[in-house]
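**Student:** 3D, please:
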Amino acid sequence: MTDTTGAGPEPAGGETVLEVTGLHRAFGSVQAVHDVSFSLARGGSLGIVGESGSGKTTTARIVVGLERADAGRVMVCGRDRSGQPGRGRTQRLERAREVQMVFQDPFLSLDPRVSVGNVLREALRLHFPETRVEHARRVGELLDQVGLGSREAAALPRQLSGGQRQRVAIARALAVKPAVLVLDEAVAALDVSVQAQILNLLADIRRDTGIGYLFITHDLGVVRCVTDDVVVMRHGRVVEAGPTADVLADPRHAYTRLLLDSVPRPGWNPKRITAARRAL
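**Tutor:** Numbering: from 1, shown residues only. Have a look, this model is predicted:
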C-alpha cells in the first residue's frame, strides 16, 4: 500500500491503544513532521523506519510528550494527549505512565551513582507511593521479567554490559505498566548477538503483557523481525505504510525500495544505490 497523504496502517485487530492523526512539527523553516498518521492496536507492534532526518524520532518524541506538535492529535487509550498536561502532579504522573520510552543509549538515562535495584525502587516510589510495602517484591518481578537477578540489582550501571543496561531501562519503563512502549533505536548500539537477545526478550514481554510497541529504527532487519505493521517516512512524510510482510516483500514506493536495496548482500553495488538516492 502506498501512502502519500500521511495516513498510516490501521491496527490489524483489537482495541486501538495509540492513534496519531495529522501530526505537524516545524523547526524554523524545516518541516520535520508533516501530516503523519498511524494507529497501534493493544499488544501490537508498529515500526517507523527511515533514514536520519526522516522525522521518525521527532514523531516518537511527540507521542511520548517530549515535543509539542504544531498541529495534529495523539490519543492514548482514548485520551487526548495533544494539549498541555494538567498542572497537578497526579495528572502529570498519570500521563507519563501511559507511554514510556527506551532510548538507544541507556547509560545516558541511568544515574551512574544509583544501583539497579534503587533505579527501579525510585520509579515505583514516584508513581505508586501508596504501595511501598510491595516495592521489594515488584523489583524482583521486574528483574526476573528482563532476565536479571540479585547480582545485577546491586550493581551500578558502569558495572553492567550494554545489553544488561538496556534490560534495566526496559524494566524501569515496565515498572509503571504503560500501555505503549516507544523504543527509539533501542538495539542499534548493541552487538548483533545481544540485539537478538533483547528482541527475543521484547517479544516475550509483548506476548505476556499485551503492551503495544512503537519501534523507531533505520534497521529493516529489526522491522522484519519484531513488527506487525510498518510506516516508512522520508523528509517528515509517510511515503508508504501497511503490514510489514507486505511492504517489505512488495514495496510500492521508490524510497522503500531504495531502503531495501541499501542493505548489504552479495552483489550489492553501493555506487548504484548512491545514484538511485540522488535521483529520488
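
**Student:** what's around the closest residue to V146 other than its chain neighbours, how many residues?
**Tutor:** Using CB to CB, 6 or more residues apart in numbering and skipping the chain neighbours, the partner closest in space to V146 is R167 (4.1 Å). C-betas here are computed from N, CA, C, even on glycine. For R167, the tally of surrounding residues (other CB atoms under 10 Å) stands at 25.

**Student:** before we move on, which element is R167 in?
**Tutor:** In this structure, R167 sits in helix 162-174 according to DSSP states H and E.

**Student:** how distant is that helix from the center of its chain?
**Tutor:** On the basis of CA atoms, centre = their mean, to the nearest Å, helix 162-174 sits 14 Å off its chain's mean C-alpha point.

**Student:** Can you name every helix or strand that it contacts?
**Tutor:** If you count contacts as 3 or more CB pairs under 8 Å, 6 or more residues apart in numbering; DSSP states H and E, helix 162-174 packs onto strand 99-102, helix 116-127, helix 135-145, strand 180-184, helix 192-209.

**Student:** buried sites along the third one?
**Tutor:** Neighbour-count burial for helix 135-145, with 16 or more other CB atoms under 10 Å as criterion, is recorded at 135, 138-139, 142-143, 145.

**Student:** Same question for the shortest one.
**Tutor:** Buried residues in strand 99-102, counting neighbours by 16+ other CB under 10 Å, are found at 99-102.

**Student:** what's the answer for stretch 92-112, then?
**Tutor:** Neighbour-count burial for stretch 92-112, counted by 16+ other CB under 10 Å, picks out 96-104, 106-107, 109-110.

**Student:** Report the two of these separated the most.
**Tutor:** Spatially, the most separated pair among those is E98 and F107, at 25.7 Å (CB to CB).

**Student:** and which of the buried residues of helix 135-145 is nearest to N118?
**Tutor:** V139 (9.0 Å).

**Student:** The closest one contacts V119, correct?
**Tutor:** No. If you go by CB atoms under 8 Å, V139 and V119 don't touch, sitting 9.3 Å apart.

**Student:** Counting neighbours, what do you get for G117?
**Tutor:** 21.

**Student:** Need the pLDDT of R265.
**Tutor:** At R265 the predicted local confidence, pLDDT, stands at 69.

**Student:** Which residue ranges of the stretch 1-150 of the chain form helices?
**Tutor:** Secondary structure of the stretch 1-150 of the chain (DSSP state H, counting those that start in this stretch): helices at 56-64, 89-98, 116-127, 135-145, 150-153.

**Student:** And the ones you listed: which comes nearest G28?
**Tutor:** Taking CB to CB, helix 56-64 is the member of those nearest to G28, at 13.4 Å.

**Student:** coming back round to it: what would the helices and strands packed on helix 162-174 look like in CSV with distance to A249 and mean pLDDT?
**Tutor:** Listed next are these as CSV, based on distance: least, CB to CB, whole Å; pLDDT from 0 to 100:
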stretch, distance to A249, mean pLDDT
strand 99-102, 28, 94
helix 116-127, 40, 93
helix 135-145, 34, 94
strand 180-184, 24, 96
helix 192-209, 20, 93
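
**Student:** Select, out of the ones you listed, the one closest to V17.
**Tutor:** Taking CB to CB, strand 180-184 is the member of these nearest to V17, at 6.0 Å.

**Student:** No more questions from me, cheers.
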